[in-house]
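Colleague: when you get a sec, could you give me coordinates for this:
(2 chains)
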2 protein chains.
Amino acid sequence: MQRVAVAGYGLTKFRKSNDSLYTIAAESMHDLFNNVKSLSQHDIDAVLVSTCDNAQYTASILSEMSGIRPKVAHRIENMCNSGTNAIISAYSYIASGLCDIAIVVGVEKADSPSAKLEWDLTRGSFKHPAHWAAMFSKAHMREYHTTEEQMALVSVKNHRNATMNPAAYFQKEVSVDDVLKSKPIVKPVKLYDCSAPCDGAASLLLVSEEKIYEFTKEPVWMTGIGQRSVCASFSNVKELTRMDSTILAARDAYAMAKIEPKMIDVAEVHDAFTICEILAYEDLGFVEKGRGGRFAESALENENGSVNVNTRGGLIGTGHPVGATGVAQAVEIAMQLQNRAGKRQVKNCKNGLVHNLSAAATSATVITMGV
Amino acid sequence: MQRVAVAGYGLTKFRKSNDSLYTIAAESMHDLFNNVKSLSQHDIDAVLVSTCDNAQYTASILSEMSGIRPKVAHRIENMCNSGTNAIISAYSYIASGLCDIAIVVGVEKADSPSAKLEWDLTRGSFKHPAHWAAMFSKAHMREYHTTEEQMALVSVKNHRNATMNPAAYFQKEVSVDDVLKSKPIVKPVKLYDCSAPCDGAASLLLVSEEKIYEFTKEPVWMTGIGQRSVCASFSNVKELTRMDSTILAARDAYAMAKIEPKMIDVAEVHDAFTICEILAYEDLGFVEKGRGGRFAESALENENGSVNVNTRGGLIGTGHPVGATGVAQAVEIAMQLQNRAGKRQVKNCKNGLVHNLSAAATSATVITMGV
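Modeller: Prediction:
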């Protein structure tokens, strides 16, 4: 079977704008072509578009706009973890031998239909994701004495990291006090505990081992893949102090990559809310269950040993254009592993991880990448 | 690499109803479970949903409704050829070794947003697909002296075949005269030259070679795959007497399967309009370019030699629930190759073909299957 690696990437500034979905997506594809000088439109076998937008035939439209006549072109959606679903599809197309070169384009507008969990009627009017985040937060506080200050520290770190990421929507540091005093959303979740919808796109170029060196001297290998959808309804999430889909996805990804959590140097985790990052520390195996709050205290100054989390600013600092997020996370890990992350570069990183989830953590994806 | 085969399938009656998208989709999955007695929900690694519907998180919702906790779950859309895109993704997930067992669910409601080509602003108000069908028809009539009677014969055959398919929306034979006198839509396209949107779903179970015999003694192998998206806008379709995306997709599928068009015994081709079936005869290599009209004359009584086209009734006779169509086509070929097609069974068929296209033939998929 073909091994698969990232050969390059493109990003847009995350923002709020009047630009169309197509304009934003094409901007990230243009950036990718600028970054991978040897890439021609004729090389590309697949264009997979990750978005929750309702625009039909998006993959073929973006292909035409970019002068690409791909074999495979379609749109992929699974709410907030659409991006990593598209990446893993691209991996499969290449690993199976059907394609050699695939572009994954993640894109969303701030007013995406993914902002509410419209299907979960059992939840009454509580469709906004902040409601489930509040329940996860309360359960963790009750069970493990996690504090609102510890959750606030996640936001402080991620806002700080975002100031070192020119693509990030937010470019201002916040203090613990700022977070604690920010607008209450659903107790104990406050405004700065939340990621914000915005416009944005990210593109990733995946290539077979056979052709990778035509495009880069620094391939970033896809080493591990894990995915799991445990349910769709929040009513069926029985355990509020852990994310079962993440635990199962991480187990499979580590097994495929033959690595352990402690070998991860840099990770992008799905901090849709601050509590999600604390749960991710635990459920990805970076720390024991229940120690996520304390881990957040030391994460701010990276006193945790090897793993640096959400160097680009996470969803909280960078913004959360839903279909783009998983792809943008993978772009960050590729940049870090290629030592191209500028001011936020983590030294000597060899193994990276992407953690992307959907809809009250009912489904999750974990990808490990290595050099 | 793992070979991949169809192990089973499920269908709904194609209809117009007040049933929800989820109800219809789950009905076809239920039929699949009924047909494959040894299949348990726990076996399933992937649930891929093909639809143009805007419902978010559909794959995870259908998984929960069916008691499945898959690794891979997402929704796939590329207009009318969404179904075969989903099938080929499932193939890739299995062939790459990430999954062993995948369900593809194609589903649509009659009021799907795919009914118009909303993005193609260059075409002014001519967004209904009948406009491009009319241009293809006129070009073929002008260039090759194809007649309206020959096109009508496609509709006569497919309506007749549909009466032998209990799942088909239409259950009434029509004559050449009925077609010629049916309501004018866009000259020379008349009502009975067109397929009709309706509700419907189809499910397909794909399994790796390693596990296939746990589920069936009669695997139908996926032997050839070809896809191409040449553009998205009808304004960029330069040549109206052929479908370039189909020609390129067929070439790749035949090469992968190491077969020739004359070896195909049974084919489901994308007769969104009668002209599409005539073009498909030519572009799939069943007959020389320009001879499609005459082929239609002999196809009615299968005087063409080996290939039987649209035995289930095609899109014209069965109805066209957009996201379901490509999957339902593959179900028909699997049924034919397993000798389970009832009244419409083609004798001694060994090689079958699925031809699915989108949006003025700007993209197409060709899959060959064999026993």
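Colleague: what segments of the stretch 101-250 of chain A are helices?
Modeller: A:130-144, A:148-162, A:176-180, A:244-257 (DSSP state H, counting those that start in this stretch).
Colleague: out of those, which gets nearest to A:Leu39?
Modeller: Ranking the helices of the stretch 101-250 of chain A by proximity to A:Leu39 (Cβ to Cβ) places helix A:244-257 first, at 26.9 Å. No exception for glycine: its C-beta is placed from N, CA and C like everyone else's.
Colleague: list the buried residues for stretch A:240-253?
Modeller: A:240-250, A:252-253 (16 or more other Cβ atoms under 10 Å in any protein chain shown).
Colleague: when you scan that stretch, is anything in it near chain B?
Modeller: Yes: applying Cβ under 8 Å from any Cβ of the partner chain, one finds stretch A:240-253 touching chain B at A:249, A:252.
Colleague: ok, residues contacting that stretch?
Modeller: Identification of contacts with stretch A:240-253 by Cβ atoms under 8 Å, 6 or more residues apart in numbering or on different chains yields A:135-136, A:138-140, A:143-144, A:224-230, A:261, A:276, A:279-280, A:282-285, A:289-290, A:353, A:355, A:357, A:361-368, B:71.
Colleague: so how far is it off the chain centroid?
Modeller: For stretch A:240-253, the separation from the chain centroid amounts to 15 Å (computed by Cα atoms, centre = their mean, to the nearest Å).
Colleague: C-alpha coordinates for that stretch, PDB please?
Modeller: Provided in PDB are the C-alpha atoms of stretch A:240-253 (Å, rounded to 0.1, in the frame of the first residue of the first chain):
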ATOM      1  CA  LEU A 240     -20.100  13.800  30.900                       C
ATOM      2  CA  THR A 241     -16.600  13.700  32.300                       C
ATOM      3  CA  ARG A 242     -15.000  12.000  29.200                       C
ATOM      4  CA  MET A 243     -15.400  12.000  25.400                       C
ATOM      5  CA  ASP A 244     -15.800   8.400  24.500                       C
ATOM      6  CA  SER A 245     -15.500   9.000  20.700                       C
ATOM      7  CA  THR A 246     -12.100  10.700  21.300                       C
ATOM      8  CA  ILE A 247     -10.800   7.900  23.500                       C
ATOM      9  CA  LEU A 248     -11.700   5.300  20.900                       C
ATOM     10  CA  ALA A 249     -10.300   7.400  18.000                       C
ATOM     11  CA  ALA A 250      -7.100   8.100  19.800                       C
ATOM     12  CA  ARG A 251      -6.600   4.400  20.700                       C
ATOM     13  CA  ASP A 252      -6.800   3.500  17.000                       C
ATOM     14  CA  ALA A 253      -4.600   6.300  15.800                       C
END
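Colleague: among the helices of the stretch 101-250 of chain A, which is the most enclosed?
Modeller: helix A:148-162 (a mean of 24; mean count of other Cβ atoms under 10 Å in any protein chain shown).
Colleague: any stretches of chain A with poor pLDDT?
Modeller: A:116-126, A:303-305 (pLDDT under 70).
Colleague: can you pull up the most central residue in it?
Modeller: A:Gly326 (3.2 Å; Cα atoms, centre = their mean).
Colleague: just want the residue of the stretch 251-371 of chain A that's nearest chain B.
Modeller: A:Ser363 (5.4 Å; Cβ to the nearest Cβ).
Colleague: my read: that residue touches A:Asn78, true?
Modeller: Yes: look at A:Ser363 against A:Asn78 with Cβ atoms under 8 Å: they come within range, at 6.6 Å.
Colleague: need the residues touching each of the two.
Modeller: A:229, B:60, B:73.
Colleague: so the residue nearest to A:Ala257 when sequence neighbours are not counted bridges to which residues?
Modeller: Leaving aside its chain neighbours, A:Ala257 sits nearest to A:Gly224 (3.0 Å; criterion: Cβ to Cβ, 6 or more residues apart in numbering or on different chains). Counting by DSSP bridges, A:Gly224 forms beta bridges with A:Thr368.
Colleague: what residues are up against A:Gly224?
Modeller: By Cβ under 8 Å, 6+ apart, the contact set of A:Gly224 is A:252-257, A:259, A:366-368.
Colleague: which pair in those residues has the greatest spatial separation?
Modeller: Pairwise distances across the contacts of A:Gly224 peak at 13.3 Å for A:Ala255 and A:Ile367 (criterion: Cβ to Cβ).
Colleague: identify the contacts common to these two.
Modeller: With Cβ under 8 Å, 6+ apart, A:Ala255 and A:Ile367 have common neighbours A:224, A:226.
Colleague: ok so, going back, the residue nearest to A:Ala257 and chain B, how far apart?
Modeller: Going from A:Gly224 to chain B by Cβ to the nearest Cβ, to the nearest Å gives 11 Å.
Colleague: list buried residues within the shared contacts of A:Ser363 and A:Asn78.
Modeller: A:229, B:60, B:73.
Colleague: mind telling me what element the second one is part of?
Modeller: To tie it back to what came earlier, the one meant is B:Ser60. Taking DSSP states H and E as the definition, B:Ser60 sits inside helix B:58-66.
Colleague: need the contact partners of that helix.
Modeller: Taking Cβ under 8 Å, 6+ apart as the rule, helix B:58-66 contacts A:77-79, A:119, A:229, A:231-233, A:236, A:358-359, A:362-363, B:21-22, B:25-26, B:29-30, B:33, B:41, B:47-49, B:51, B:55, B:69-70, B:73-75, B:105.
Colleague: if we use 7 Å, what do you get?
Modeller: The contact list for helix B:58-66 (Cβ atoms under 7 Å, 6 or more residues apart in numbering or on different chains) reads A:78, A:119, A:229, A:231-233, A:236, A:362-363, B:22, B:25-26, B:29, B:41, B:47-49, B:51, B:69-70, B:73-75, B:105.
Colleague: in CSV: the buried ones among the shared contacts of A:Ser363 and A:Asn78, plus distance to A:Ala95.
Modeller: As requested, these are exported to CSV (distance: Cβ to Cβ, whole Å):
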residue, distance to A:Ala95
A:Ser229, 21
B:Ser60, 24
B:Ala73, 19
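Colleague: which one of those sits closest to A:Thr311?
Modeller: A:Ser229 (27.8 Å).
Colleague: mind listing what's buried along the strand or helix carrying A:Ile87?
Modeller: Assigned by DSSP H and E, A:Ile87 falls within helix A:82-95. Under the neighbour-count criterion of 16+ other Cβ under 10 Å, helix A:82-95 has A:82-95 buried.
Colleague: and the residues you listed near chain B, which?
Modeller: Subset of the buried residues of helix A:82-95 in contact with chain B: A:82, A:85, A:89, A:92-93, A:95, counting by Cβ under 7 Å from any Cβ of the partner chain.
Colleague: quick one, phi/psi of A:Tyr9?
Modeller: phi -160, psi 160 (degrees, to the nearest 10).
Colleague: so what pairs up with it in the strands?
Modeller: Beta-bridge pairing for A:Tyr9 (DSSP bridges): A:Leu204.
Colleague: residues from the stretch 1-150 of chain A in reach of chain B?
Modeller: Selection of the stretch 1-150 of chain A residues close to chain B by Cβ under 7 Å from any Cβ yields A:1, A:52, A:54, A:56-57, A:59-61, A:63-64, A:69-79, A:82, A:85, A:89, A:92-93, A:95-98, A:113-114, A:118-119.
Colleague: likewise for the stretch 251-371 of chain A?
Modeller: So the stretch 251-371 of chain A meets chain B at A:358-359, A:362-363 (Cβ under 7 Å from any Cβ).
Colleague: hmm, 8 Å instead?
Modeller: Going by Cβ under 8 Å from any Cβ, the residues of the stretch 251-371 of chain A near chain B are A:252, A:358-359, A:362-363.
Colleague: highest neighbour count among those residues?
Modeller: Neighbour count (other Cβ atoms under 10 Å in any protein chain shown) singles out A:Ser363 as the most crowded of those, with 34 neighbours.
Colleague: what residues does it make contact with?
Modeller: Going by Cβ under 8 Å, 6+ apart, the list of residues near A:Ser363 reads A:78-79, A:81, A:227-230, A:232, A:245, A:357, B:60, B:73.
Colleague: and if you look at A:Ser208?
Modeller: With Cβ under 8 Å, 6+ apart, A:Ser208 has these contacts: A:2-4, A:94, A:99-101.
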